[in-house]
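S.K.: Need coordinates for the following:
(2 chains)
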2 protein chains.
Amino acid sequence: VKLQVFFTPAEVASAELSGRVVLVLDVLRATSTIVEALASGARRVLPVATVDEAAILAQKLDRSTTLLCGERNCRLIEGFDLGNSPAEFTPARVRGKSLIMSTTNGTVALLAASAAPRVIVASFLNFSAVVEAVVQDGSDCTILCSGRDRRFAMEDAVCAGMFAQRLRERLGGTIRRNDGAAAAMSMAGRYGKSLERMFRGSAAGRHIVEAGLADDLAFCAELDRHTVVPELKDREVSA
Amino acid sequence: VKLQVFFTPAEVASAELSGRVVLVLDVLRATSTIVEALASGARRVLPVATVDEAAILAQKLDRSTTLLCGERNCRLIEGFDLGNSPAEFTPARVRGKSLIMSTTNGTVALLAASAAPRVIVASFLNFSAVVEAVVQDGSDCTILCSGRDRRFAMEDAVCAGMFAQRLRERLGGTIRRNDGAAAAMSMAGRYGKSLERMFRGSAAGRHIVEAGLADDLAFCAELDRHTVVPELKDREVSA
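M.R.: Residues are numbered from 1 along each chain as shown, chains lettered A, B, ... in the order given. As a prediction, this is how the structure comes out:
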């Protein structure tokens, strides 16, 4: 089995995704929020790149069962129903709803991955369930980090490295890694023992703390809170 | 002092390079070769992106003092004088010459860095001399890895991390790191003890070995072989 890690969406080439299962990570916070939302019973998440696209799509859907969600610069977008803090996505708010979600980095990565036959939304919250889904699948695996503003982000790299480590354990000694996978595994060894502390040292984590959303860090650091394995199909993410 | 590491040229934004000293790395092999060439007395290196540009530029220069150098897929380019193995760049061949150089990854990174007021060509071969130049300069520092085919490359990341470690030691406790710098330093801790072994495990290193150029790996792993600090100015690299 081949195992690739890419640290930014720019590194991935759509043509190379055929036959692969792709894990998309935006640990702080988009993929953690999507996992939480679907575990809370949301019907589906519709990722869009821009606020304008979100508004256009909302007009086509039943407003009573649709929520607009997302952030710019960590903040709720004006006129939107929910931000990008996973704790907001409670069953009371999201059960049965379609969530249109525009986030800075995560959406870009989901769209970059969409050429693959199977795209899984991954985070620490659904870590072990995603590992088992990849093991069952048996395909070569690409782990795509969203990064931050098209740049390397520590929290996604450490999560990617922990997935790579666990997949190597589960799959035995037959793994072929790219340079990114080897690097991510070494970062997971260095920073994976205390996820919340790692978050606090990262640029994204500091930005979230400065925005007054420090509780999000503990939330996104919780391993295996859920067993949901959301997948992207036809521009919709559902469980 | 702020210290940034970027793993691919796509991560760097020209507008953010003002006031910075930028170290460009393509350890396997372009920046190692440039350092070797200038230490061997080459007058200057003219990096170009394509083979066509190399041919056009060669027509404008005195052919008797100009050498065409570079590689595609590790191999000498047809009609060129030299490849991209540093050992080829001996004083007998290059002293006083202008070298037009087209390489796959290093040239892209040099051009991406060129908006900065100071761009230094760095490698393991001139490691300590580059560190002292940055310390003397006193500016914020960006370390730009060329990567490989627009992707993360282990050998550049480890070299970047070793530069970051040494700069932190030399500059004292006042360093502000981006996520890339923290990650690179952890990789240097893991992989910096045996550079040639790290090279052999990297995708670029394996490719060079497969091309029959394994001796290049030991050559490029030699710390502080030279004290030359080449700089890029007006699209020319000179010592």
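S.K.: Which stretches in chain A count as helices?
M.R.: A:30-39, A:51-60, A:91-94, A:106-113, A:127-137, A:154-171, A:179-191, A:195-201, A:203-210, A:215-220 (DSSP state H).
S.K.: need those in JSON lines with distance to B:Thr66, can you?
M.R.: Just so you know, the C-beta spots here come from the backbone N, C-alpha and C atoms, and that holds for glycine as well. Output for the helices of chain A, formatted as JSON lines (distance: least, CB to CB, whole Å):
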{"stretch": "helix A:30-39", "distance to B:Thr66": "52"}
{"stretch": "helix A:51-60", "distance to B:Thr66": "52"}
{"stretch": "helix A:91-94", "distance to B:Thr66": "67"}
{"stretch": "helix A:106-113", "distance to B:Thr66": "42"}
{"stretch": "helix A:127-137", "distance to B:Thr66": "53"}
{"stretch": "helix A:154-171", "distance to B:Thr66": "43"}
{"stretch": "helix A:179-191", "distance to B:Thr66": "35"}
{"stretch": "helix A:195-201", "distance to B:Thr66": "50"}
{"stretch": "helix A:203-210", "distance to B:Thr66": "45"}
{"stretch": "helix A:215-220", "distance to B:Thr66": "57"}
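S.K.: Just name the most buried of those helices.
M.R.: The highest mean neighbour count among the helices of chain A, using mean count of other CB atoms under 10 Å in any protein chain shown, belongs to helix A:30-39: a mean of 29.
S.K.: circling back to that earlier point, any idea which of the helices of chain A scores lowest on pLDDT?
M.R.: Here those differ in mean pLDDT, and the lowest is helix A:106-113 at a mean of 90.
S.K.: Quick one: distance of that helix to the chain centre.
M.R.: 9 Å (CA atoms, centre = their mean, to the nearest Å).
S.K.: helices or strands next to it in the packing?
M.R.: strand A:20-25, helix A:30-39, strand A:44-47, strand A:118-122, strand A:140-145 (3 or more CB pairs under 8 Å, 6 or more residues apart in numbering or on different chains; DSSP states H and E).
S.K.: Show me the contact partners of that helix.
M.R.: Contacts to helix A:106-113, defined as CB atoms under 8 Å, 6 or more residues apart in numbering or on different chains, come from residues A:9, A:12, A:14, A:17, A:22, A:24-26, A:30-31, A:34, A:47-49, A:101, A:119, A:121, A:142, A:144-147, A:232, A:237.
S.K.: Buried among those? Need that as a selection in ChimeraX.
M.R.: A single ChimeraX command selects the buried members of the contacts of helix A:106-113 (16 or more other CB atoms under 10 Å in any protein chain shown):
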select /A:9,12,17,22,24,25,26,30,31,34,47,48,101,119,121,142,144,145,146,147,232,237
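S.K.: you'd agree A:Gly41 is up against A:Thr90?
M.R.: No. Judged on CB atoms under 8 Å, A:Gly41 makes no contact with A:Thr90 at a distance of 9.5 Å.
S.K.: Need the nearest residue in space to the most centrally placed residue in chain A, chain neighbours excluded.
M.R.: Closest to where the C-alpha atoms of chain A average out (CA atoms, centre = their mean) is A:Thr31, at 2.7 Å. Nearest non-adjacent residue to A:Thr31, counting by CB to CB, 6 or more residues apart in numbering or on different chains: A:Ser123, 4.6 Å away.
S.K.: So which residues on chain A come close to chain B?
M.R.: Counting by CB under 8 Å from any CB of the partner chain, chain A comes close to chain B at A:6-8, A:10-11, A:148, A:150-154, A:157, A:178-180, A:182-183, A:186-187, A:189-191, A:201-203.
S.K.: before we move on, back to that, run through the residues that contact the residue nearest to A:Thr31.
M.R.: Taking CB under 8 Å, 6+ apart as the test, what A:Ser123 contacts is A:25, A:27, A:31-32, A:34-35, A:159, A:220.
S.K.: Now the two most distant members of these.
M.R.: A:Ile34 and A:Cys159 (14.2 Å; CB to CB).
S.K.: which ones are touching the residue of chain A positioned farthest from its centre?
M.R.: Centroid-distance maximum for chain A: A:Gly173 at 27.2 Å, with CA atoms, centre = their mean. Counting by CB under 8 Å, 6+ apart, A:Gly173 makes contact with nothing.
S.K.: how far away is it from A:Phe7?
M.R.: 25 Å (CB to CB, to the nearest Å).
S.K.: Also A:Ser18?
M.R.: 21 Å.
S.K.: which of those two has more neighbours?
M.R.: The residue with more neighbours, out of A:Ser18 and A:Phe7, is A:Phe7; 31 against 10, by other CB atoms under 10 Å in any protein chain shown.
S.K.: How about the contacts made by the more buried one?
M.R.: Contacts of A:Phe7 (CB under 8 Å, 6+ apart): A:145, A:147, A:152-153, A:156-157, A:160, A:180, A:184, B:7, B:152.
S.K.: Just the closest of the residues you listed to B:Gly83, please.
M.R.: Nearest member of the contacts of A:Phe7 to B:Gly83, counting by CB to CB, is B:Phe152, at 24.7 Å.
S.K.: does the closest one really touch A:Arg177, like I thought?
M.R.: No. In terms of CB under 8 Å, B:Phe152 does not count as a neighbour of A:Arg177; the distance is 11.9 Å.
S.K.: Give me the more crowded residue out of these two.
M.R.: More crowded of B:Phe152 and A:Arg177, by other CB under 10 Å: B:Phe152, with 26 against 18.
S.K.: quick one: that one and B:Cys145, what's the gap?
M.R.: 8 Å.
S.K.: where do the contact lists of those two overlap?
M.R.: The contact lists of B:Phe152 and B:Cys145 share B:7-8, where a contact means CB under 8 Å, 6+ apart.
S.K.: Tell me how far A:Gly189 lies from A:Ile120.
M.R.: Applying CB to CB to A:Gly189 and A:Ile120 gives a distance of 24 Å.
S.K.: Revised request: answer the last question for A:Met185.
M.R.: Distance from A:Met185 to A:Ile120, by CB to CB: 19 Å.
S.K.: got it, and A:Leu28?
M.R.: Per CB to CB, A:Leu28 is found 18 Å from A:Ile120.
S.K.: can you tell me which of the helices of chain A comes nearest to B:Gly70?
M.R.: Where the helices of chain A are weighed against each other on CB to CB, the nearest is helix A:179-191, at 22.7 Å.
S.K.: Between strand A:140-145 and the closest one, find me the angle.
M.R.: Counting by axes from the mean of the first three to the mean of the last three CA atoms, to 10 degrees, helix A:179-191 points 60 degrees away from the direction of strand A:140-145.
S.K.: what packs against helix A:179-191?
M.R.: strand A:2-6, helix A:154-171, helix B:154-171, helix B:179-191.
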